[in-house]
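Colleague: dropping a prediction and its sequence here:
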Amino acid sequence: MGVNGIYGLSGSGINVESMVKAGMLSKQSQYDSMYKNEVKNTWIKSAYSSFYSSMFTFKNTTMSHYKMQSVMNAMSASSSNNSAVTATANGAASAMMHRISVDRLATDAYLLSTDTVSRANTAKPASIDLQDMAFSSFTANGADSTYTVTNKTSYSPDKMANIHYAGQNYTGISYDGTQYTLTGEGSPTTVAPADLLSSGTTFTINGSSVTGDKLSIHTTASHAIDSYDVMETSTHAGTDTALSFTIGDGVPSYGYQGVAYTAAQTTLNGDGTYTFKDADGNVVGANIAETDVGFENKPKTISYTYDDLKNGKTLNDVAADIRASGVNITASYDATTDAFSLYNNTGGKENTIELTATNGAATALLNNLHLGSTDGSTLGAAKNFTLNQRDETTGVDGSATIDGKKYDNLTSNQLTVTGVTYTLNNVTAADSPATISVSQNTDSIIASVNQFVTDYNTMLDSLNSKYYETPYSDYQPLTQSQEASMTSTQVSEWNTKAKSGLLYHSSVIRDIISNMRAAIYTPVDSVGSNYNSAAAIGISSTDNKGHITLDAEKLKKALAADPDCAYQIFASSQDDSTNSLDSNVTAYKVADNYRNTGLANRLYDVMTTSMTSISNYAGTSDETNDQSYLGTLITNLQTKMSSFKTQMDAYEDILYKKYDAMEVAIAQLGSQLSSITGNKS
């Protein structure tokens, strides 16, 4: 400010900058007071937000853990025959004996190479490239259309290539109704249809021989030999698919005209259509397009272009693409053993591995993998895959008898019954069931309660540390000008003091501490034994800050007398009154529900209520637009400060203008005085 002023011209010696600053002191003091208030409330909001985060974890992770039956009523199980069956028990299991016979293990559909894989290209016996796996020789430059020769269509010479006739290369072929004309490297050559296509005539196309009344013509980007009847009247679109097969993970079924057909009743034809037969083997639908077929457990297609193969796709890529296709099958290639494997991740007869080679290259690949079915102990002979013929490998359903009840159709060798999870390892001998003994795991329960004590004390310490933290009233937030005059270390040390005690004797924290302590010492009336309080199972307070300790021996005795007491004391959740108080009286009902609720649920509720209070007062983060009391207060202060800053700038301008005017007046008086003095002389 003042840069546009004209003060100083009068020679008065007045320090206008100092006078303006002095005139602004009152305004600056008011602004600094608002700034410090805004900073302090921002710190307070951040301190509460930090507590909100730790309370959220304490509620939703820590206390939720101690409400679990598997934690506070841990059970253990032992087996008389671990080689046949092992078991674990959760909190819902009863302490008792179970008998189990393993009648049949469930197996997964599993295919494994019976020998090292073979290569169609025998010159590369160690290659894992798909082109060597499926092709004895391979030429690939991309894929364009493959054209057929007809007696009605002329073909543009610039689109045709790889035509070889009588030792010459040609790039085009046309038909004028009488004869064919070949154009290309040499002079145009006319060929009579009878000569070109007569029976027994052999032509060399891309290095391969074509004999008889078929002719193949390919574009410059071609890579395979296809033969077409020259009397065909439509242009044939070539395909870029070099290798293609389908893979499925469940027993497929097919729908046609509202009727479901099994895989055994369905045939995939060589042209991609389907034929359906009824239960008696009669054809009910032939050459049905895929668009007219409904599928359940439809296999996924795995296919590769010639460019894919040219660019080095390998057996590892096949395995990865199967895993990524969405089927529930794990595929892998082991370079060490040179073996390929396919494994359905779910057992049982309904979970299969279905493979169908949909072109010749895929047929060669699948056969070269030498895949045999195995149950994990016996490996069968390698399968023989044929084009468009579905091959299905199934798993086996497991079966077990537990306490006289039979469980069939098991897709896994694990099942859970009445809180006990059984793992089936081997078939049991006839009339020799395994015995499973379930008992309470006292050591685990004691460890869990001891951990609860630690978690509770840790949370209480964090609350007490802020509630009793020493405030330093002489250390207030620094203004920006004050910070500018200090080193960064000085600012940091000052702010540490200034932030100390922000939550000193906070009523919100006081209520949390009080409610946490009450949750511990209040008995749980819903527990139907003498062991109905924390104190009764060995949890007691040790100091006036509310810390608790555990007497493990006392807890062990309580569990021996009442095995369910720890779980009930921690996890009871009573929504309604269980005593004679009038439950229609709200105050009585709330108090009664509280007394019937377990420790973990009480502390969960304490956190819920307290978090709501913090959210309303300070929000849940440092953001100020959260409609909380402090958020709104800070936002209003920021608005007020912005408005006041504008007023300060305007007032400063007024001061400069006033002193500018004073300088002009003094200059004018000086000029007049000089004039008068000069005239007298």
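Modeller: Yep, that arrived. All values derive from a computational prediction rather than experimental measurement.
Colleague: outline the domain layout of this protein.
Modeller: When the chain is parsed with automatic domain parsing, its domains come out as 75-106+397-440, 144-238, 470-503.
Colleague: so for the second one, mean pLDDT?
Modeller: What that stands for is domain 144-238. Domain 144-238 comes out with an average pLDDT of 45.
Colleague: how about the last one?
Modeller: Across domain 470-503, pLDDT averages out at 93.
Colleague: now it: buried residues?
Modeller: Neighbour-count burial for domain 470-503, counted by 16 or more other C-beta atoms under 10 Å, picks out 475-479, 494-495, 498-499, 501-503. Where you see a C-beta, it was placed from the backbone N, CA and C, and this is true even at glycine.
Colleague: for that domain, measure first residue to last.
Modeller: Domain 470-503 has an end-to-end distance of 9 Å (C-alpha to C-alpha, to the nearest Å).
Colleague: before we move on, what about the first one?
Modeller: Separation of the first and last residues of domain 75-106+397-440 by C-alpha to C-alpha is 4 Å.
Colleague: so how far is it from its chain's centroid?
Modeller: 34 Å (C-alpha atoms, centre = their mean, to the nearest Å).
Colleague: now do that domain, average pLDDT.
Modeller: When pLDDT is averaged over domain 75-106+397-440, the result is 93.
Colleague: quick one, strands of the stretch 251-400 of the chain?
Modeller: For the stretch 251-400 of the chain, the strands defined by DSSP state E, counting those that start in this stretch occupy 253-256, 259-262, 266-268, 274-277, 283-288, 294-296, 300-305, 329-334, 339-344, 351-357, 371-374, 379-382, 391-394, 398-402.
Colleague: any idea which of those is most buried?
Modeller: Burial of those is given as mean neighbour count (mean count of other C-beta atoms under 10 Å); strand 351-357 ranks first at a mean of 24.
Colleague: relative orientation of that strand and strand 339-344 in degrees?
Modeller: Angle of strand 351-357 versus strand 339-344, following axes from the mean of the first three to the mean of the last three C-alpha atoms, to 10 degrees, is 130 degrees.
Colleague: summarise which helices and strands strand 351-357 is packed against.
Modeller: strand 241-250, strand 339-344, helix 360-368, strand 391-394 (3 or more C-beta pairs under 8 Å, 6 or more residues apart in numbering; DSSP states H and E).
Colleague: tell me which strands it pairs with, and in which orientation.
Modeller: Strand 351-357 has the following strand partners under DSSP bridges: strand 241-250 (antiparallel), strand 391-394 (antiparallel).
Colleague: mean confidence for the shortest one?
Modeller: This predicted structure assigns strand 391-394 an average pLDDT of 93.
Colleague: coming back round to it: nearest to K466, of the strands paired with strand 351-357?
Modeller: Among the strands paired with strand 351-357, the nearest to K466 by C-beta to C-beta is strand 241-250 (56.3 Å).
Colleague: can you point out the buried residues in that closest one?
Modeller: Quick answer for strand 241-250 (16+ other C-beta under 10 Å): 241-250.
Colleague: dump the residues you listed into TSV; add distance to A263 and pLDDT as well.
Modeller: Rendered in TSV, the data for the buried residues of strand 241-250 read as follows (distance: C-beta to C-beta, whole Å; pLDDT from 0 to 100):
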residue	distance to A263	pLDDT
T241	24	78
A242	27	84
L243	23	91
S244	19	92
F245	16	95
T246	12	94
I247	14	95
G248	9	93
D249	13	92
G250	10	88
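Colleague: quick one: contacts for the residue lying closest to D278 once chain neighbours are set aside?
Modeller: Leaving out its chain neighbours, the residue that sits closest to D278 by C-beta to C-beta, 6 or more residues apart in numbering is V284, at 5.3 Å. The contact partners of V284, by C-beta atoms under 8 Å, 6 or more residues apart in numbering, come to 256, 259, 276-278.
Colleague: ok, so of those, who is nearest Y66?
Modeller: Of all those, Y66 sits closest to V259, with 56.2 Å by C-beta to C-beta.
Colleague: report the beta-bridge partners for the closest one.
Modeller: Y256.
Colleague: first vs last residue of stretch 243-261, how far apart are they?
Modeller: 28 Å.
Colleague: how about stretch 48-64?
Modeller: Across stretch 48-64, the terminal residues are separated by 23 Å (C-alpha to C-alpha).
Colleague: what residues of it count as buried?
Modeller: For stretch 48-64, burial by neighbour count (16+ other C-beta under 10 Å) applies to 48-49, 51-52, 55, 58-59, 62-63.
Colleague: and those as JSON lines, adding pLDDT and secondary structure?
Modeller: Output for these, formatted as JSON lines (pLDDT from 0 to 100; DSSP: H, G, I helix; E, B strand; the rest coil):
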{"residue": "Y48", "pLDDT": "92", "secondary structure": "helix"}
{"residue": "S49", "pLDDT": "89", "secondary structure": "helix"}
{"residue": "F51", "pLDDT": "88", "secondary structure": "helix"}
{"residue": "Y52", "pLDDT": "90", "secondary structure": "helix"}
{"residue": "M55", "pLDDT": "93", "secondary structure": "helix"}
{"residue": "F58", "pLDDT": "94", "secondary structure": "helix"}
{"residue": "K59", "pLDDT": "94", "secondary structure": "helix"}
{"residue": "T62", "pLDDT": "94", "secondary structure": "helix"}
{"residue": "M63", "pLDDT": "93", "secondary structure": "helix"}
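Colleague: N328: what's it in contact with?
Modeller: Listed by C-beta under 8 Å, 6+ apart, the contact partners of N328 are 249-250, 344-346, 351.
Colleague: other SSEs contacting the helix or strand encompassing R510?
Modeller: Element membership for R510, per DSSP states H and E: helix 507-521. Applying 3+ C-beta pairs under 8 Å, 6+ apart, one finds that helix 507-521 contacts helix 16-57, helix 442-467, strand 539-541, helix 599-618.
Colleague: now the last one: mean pLDDT?
Modeller: Okay, so that is helix 599-618. Helix 599-618 comes out at a mean pLDDT of 93.
Colleague: can you list contacts of it?
Modeller: Contacts for helix 599-618 (C-beta under 8 Å, 6+ apart): 44-45, 48-49, 51-52, 55-56, 58-59, 63-64, 66-67, 72, 452, 456, 508, 511-512, 515-516, 519-520, 522, 524, 534, 569-573, 594, 597, 620, 628-631.
Colleague: chain center to the lengthiest helix in the chain: distance?
Modeller: Longest helix in the chain, counting residues (DSSP state H): helix 629-680. Distance, stretch centre to chain centre, for helix 629-680: 63 Å (C-alpha atoms, centre = their mean).
Colleague: same deal with stretch 536-552?
Modeller: 42 Å.
Colleague: would you indicate which residues of that stretch are buried?
Modeller: Buried residues in stretch 536-552, defined by neighbour count with 16+ other C-beta under 10 Å: 536-539, 546-548, 550.
Colleague: report the lowest-confidence entry in the residues you listed.
Modeller: For these, the weakest pLDDT value sits at G546, with 88.
Colleague: apart from its chain neighbours, what residue comes closest to that residue?
Modeller: Here the residue nearest G546, using C-beta to C-beta, 6+ apart, is R517, at 4.6 Å.
Colleague: what distance do you get for the one you found to S621?
Modeller: Applying C-beta to C-beta, to the nearest Å, the value for R517 to S621 is 29 Å.
Colleague: check F452 too.
Modeller: Distance from F452 to S621, counting by C-beta to C-beta: 29 Å.
Colleague: neighbour count: those two, which is higher?
Modeller: Between F452 and S621, counted using other C-beta atoms under 10 Å, the more crowded position is F452 (25 against 15).
Colleague: correct me if wrong: the more buried one contacts Y66.
Modeller: Yes. With contacts counted by C-beta atoms under 8 Å, F452 reaches Y66, the gap being 5.4 Å.
Colleague: which neighbours do these two have in common?
Modeller: Jointly contacting F452 and Y66 under the rule C-beta under 8 Å, 6+ apart are 570, 600.
Colleague: using the three-state scheme, assign the closest residue to K40 other than its chain neighbours.
Modeller: What sits nearest to K40 in space, not counting adjacent residues and going by C-beta to C-beta, 6+ apart, is P477, at 5.4 Å. At P477 the chain is in coil, as set by DSSP: H, G, I helix; E, B strand; the rest coil.
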